[in-house]
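# Any chance you can model this:
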Amino acid sequence: MHRVIKELAWAAHSKRPPGLPFGRCRGTAAIGLRYERKVAAQFPSAIHGQWWNFCDAAGLGYCQTDVVLLLFGHLIILECKLTDCLSGRAQLAELYVPVVSKALARPAHGIIVARNAAADSDPRLVVGTMAEALRLTCAKGVIPTLQWLGKARLPQS
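Residues are numbered from 1 along each chain as shown. Okay, here's the model as predicted:
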């Protein structure tokens, strides 16, 4: 479960929060982290694994984005998932987009990058190129899913 931002007062870049244990991912979590790294490697200027701290109505908090990048003048947050899911969309809309927008003082948009589309994925939101994903998120204000298997170069257009 992720935190839902309410009445965001401030947000900023942060270092890893104190007290978090260091551990090695195993199983599906390790596969997901490898996929996330492959996505980040597609964008040389990407900020991968950035921590943010913030203060909202619930008090101080921290979050970590998968990938943040500037594409064609748009601030884009990529949430990497092995399988598309509604929780990824909610996490982007309710946590990452507001926090990053506030911290960087500019509008941000979210895109899910997933290896697999879920059976309940809205087919109108599942696209095959970054250009299509950018069009949907920047022009229409929705959070699309860019389906990418992670084997070849991520399709840009």
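# which residues are contacting the helix or strand hosting residue 82?
For residue 82, the element it lies in under DSSP states H and E is strand 74-83. The contact list for strand 74-83, computed with CB atoms under 8 Å, 6 or more residues apart in numbering, reads 28, 31-32, 35-36, 39, 46, 65-70, 88, 91-92, 96-97, 100-101, 104, 106-118, 134, 137-138. Glycine gets a C-beta too; all of them are placed from N, C-alpha and C.
# just the buried members of those residues?
Among the contacts of strand 74-83, those buried by neighbour count (16 or more other CB atoms under 10 Å) are 32, 35-36, 39, 46, 65-69, 88, 91-92, 96-97, 100-101, 104, 108-115, 117, 134, 137-138.
# Cross the residues you listed against helices and list the overlap.
32, 35, 36, 39, 88, 91, 97, 100, 101, 104, 134 (DSSP state H).
# how long is stretch 19-31 from one end to the other?
25 Å (CA to CA, to the nearest Å).
# Averaged pLDDT, it. What do you get?
Averaged over stretch 19-31, pLDDT sits at 86.
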